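Chemist: My questions concern the predicted model and sequence given below.
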Amino acid sequence: MAIPLSLEQLPRRQRATVAGIAWDRLAAPEARRLRELGFDEGVDVEVLHRATLGGGPIACRIGRMTVALRRRVAGAIHVAPEAFLEAAE
């Protein structure tokens, strides 16, 4: 079984699939924005860049879009890294 991992913890350039989102940890506007961007279970994501300062945003790819997320928001998105998915098959 894979160790739970948040999008905030996912290493750069590691592809993953969204396993779940803790909607209750997000403010209504943040949750609405994630839904509008297409974040949902089963969606593929990849962390592209992190701000050099520890609390800065994270740039990630979802589909063909690149979006910036606050670290707190990224922490509410639970992912299954691709390596774990391949091992489970």
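Modeler: Good, I have the coordinates. In this text, all values refer to a predicted model and were calculated from it rather than measured experimentally. Residues are numbered from 1 along each chain as shown.
Chemist: alpha carbons only for contacts and neighbour counts from here, please
Modeler: OK.
Chemist: What strand or helix carries residue 74?
Modeler: Assigned by DSSP states H and E, residue 74 belongs to helix 71-75.
Chemist: What residues sit buried inside that helix?
Modeler: Neighbour counts over helix 71-75 (16 or more other CA atoms under 10 Å) mark 71-75 as buried.
Chemist: Then stretch 27-34?
Modeler: Neighbour-count burial for stretch 27-34 [16+ other CA under 10 Å]: 31, 34.
Chemist: and for that stretch, what are the contacting residues?
Modeler: With contacts defined as CA atoms under 8 Å, 6 or more residues apart in numbering, stretch 27-34 is touched by 23, 73.
Chemist: what about that stretch, average pLDDT?
Modeler: Mean pLDDT, computed over stretch 27-34, is 95.
Chemist: what does stretch 59-66 give?
Modeler: 93.
Chemist: Quick check: end-to-end length of it?
Modeler: End-to-end distance for stretch 59-66, by CA to CA, to the nearest Å: 7 Å.
Chemist: Distance from the lengthiest helix in the chain to the middle of the chain?
Modeler: The longest helix of the chain (DSSP state H) is helix 28-37. Centroid separation between helix 28-37 and its chain, computed with CA atoms, centre = their mean, to the nearest Å, is 13 Å.
Chemist: go on, stretch 42-54?
Modeler: 7 Å.
Chemist: list the buried ones in that stretch?
Modeler: 44-48, 50.
Chemist: Strands along the chain, start to end?
Modeler: Remark: strands assigned in the chain by DSSP state E are 5-6, 15-21, 44-50, 58-62, 65-69, 77-81.
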